[in-house]
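A.B. asks: pasting the sequence and the predicted coordinates here, then a few questions.
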Amino acid sequence: MDLPMQTETVTLAPFEAHHLDGALALSRAAGWAHRREDWKMIWSISEGRVALAGDRVVGTALMTPFGNTCSAINMIIVDESQRGRGLGRQLTSAVIELAGDRECRLTATSDGLPLYEKLGFVATHQVVRHQGIVGQVDTPENIGWIRPDDALPATKALDRAAFGADRDALHDALAKEGPFAVVRNGDNIVAFAATRSFGIGEVVGPVVAENAEQARDLIAFILSGKEGRFVRIDIPEQSGLSSLLEGWGLPHEGGVVAMARGATGGSQTPEVRTFVLASQALG
């Protein structure tokens, strides 16, 4: 698809591995914290489109499928020189088409809200970003690390119940980043948290638990080993964790609006909830 853009023609093409460096340059120019490794992780479990002006990447969008029922629309960036010409809408529409019949979820800034509403997305809740240098955090005694290979069957099942869709590919990717922290009831894993390198520091998430106390202990366990390091945590506003995170050195530094398109209306399993997102891009 060719889009006339004043002095140059912009073409939409499949997002392939050799476009990652161009995508990284775009996100850096936009002030995003993502490293190439962060881009590659999301790209590896997604399909996408890039906008090309010649060989130069001037726009990106990804669709991350979660089984056959749900997807995340993410990593939507348009080069500053190309904004205001409808390219963001073209890219977003292209990856929505890739999603097929799946429900589409995304997070939007205030600038992006009007576009996404026109494309059929409806706001569902607020997502709050906390980040900063971790202070002193006491280590709870009821949490432990577990090797990813041993944790994956349980973490995938818990996440599927909380998120409402199959994110097995995401968990396989997270397992390559390090161990999971877990809460056990006897021999059963009943809550978990993941952590990985991201941007200029680290990110905690997802955190799936039966209640806020388990979520608090999982986060505290991870943060207790990261004093003096930069950590980011994205939470649903209704999680009730903001004041706790601020007390641990992670102030509230903005947020986004979670939106959905084609939602089935099914409710989450009440036994478990998502207290911390894997990321704003992935939910």
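C.D. replies: Sure thing, it's come through.

A.B. asks: quick one, domains of the chain?
C.D. replies: 2-101, 130-276 (automatic domain parsing).

A.B. asks: can you pull out the strands in the stretch 151-283 of the chain?
C.D. replies: Using DSSP state E, counting those that start in this stretch, the strands found in the stretch 151-283 of the chain span residues 180-185, 188-198, 201-209, 230-236, 252-261, 273-276.

A.B. asks: E37 is nearest to which of the ones you listed?
C.D. replies: Nearest of the strands of the stretch 151-283 of the chain to E37, taken as CB to CB: strand 188-198 at 7.3 Å. Any C-beta I mention is one placed from the backbone N, CA and C, and that applies to glycine too.

A.B. asks: same question for that closest one, mean pLDDT?
C.D. replies: The pLDDT scores in strand 188-198 average 97.

A.B. asks: Q136 in helix, strand or coil?
C.D. replies: Here Q136 is recorded as coil under DSSP: H, G, I helix; E, B strand; the rest coil.

A.B. asks: for L113, which of the domains of the chain is the nearest?
C.D. replies: Closest approach to L113 among these (CB to CB): domain 130-276, 6.3 Å.

A.B. asks: ends of that closest one, what's the gap?
C.D. replies: One end of domain 130-276 to the other measures 11 Å (CA to CA, to the nearest Å).

A.B. asks: and if you look at stretch 264-283?
C.D. replies: Start-to-end span of stretch 264-283 (CA to CA) is 17 Å.

A.B. asks: rounded mean pLDDT for it, please.
C.D. replies: The average pLDDT within stretch 264-283 is 83.

A.B. asks: and for stretch 103-117?
C.D. replies: For stretch 103-117, the mean per-residue pLDDT is 94.

A.B. asks: buried residues in that stretch?
C.D. replies: By neighbour count with 16 or more other CB atoms under 10 Å, stretch 103-117 contains the buried residues E103, C104, R105, L106, T107, A108, G112, L115, Y116.

A.B. asks: can you tell me the helix or strand for the third one?
C.D. replies: Under the assignment given by DSSP states H and E, the secondary-structure element containing R105 is strand 103-108.

A.B. asks: list the neighbouring strands of that strand plus their orientation.
C.D. replies: In the sheet, strand 103-108 lines up against strand 70-78 (parallel), strand 252-261 (antiparallel) (DSSP bridges).

A.B. asks: of those, which is nearest G54?
C.D. replies: G54 lies closest, by CB to CB, to one member of the strands paired with strand 103-108: strand 70-78, at 16.2 Å.

A.B. asks: chain center to the closest one: distance?
C.D. replies: Using CA atoms, centre = their mean, to the nearest Å, the distance from the centre of strand 70-78 to the centre of the chain it belongs to is 10 Å.

A.B. asks: what is the helix or strand just after it packed up against?
C.D. replies: Next helix or strand after strand 70-78 toward the C-terminus (DSSP H and E): helix 87-99. Judged by 3 or more CB pairs under 8 Å, 6 or more residues apart in numbering; DSSP states H and E, helix 87-99 is in contact with strand 2-5, strand 8-14, strand 47-53, strand 56-66, strand 70-78, helix 113-118.
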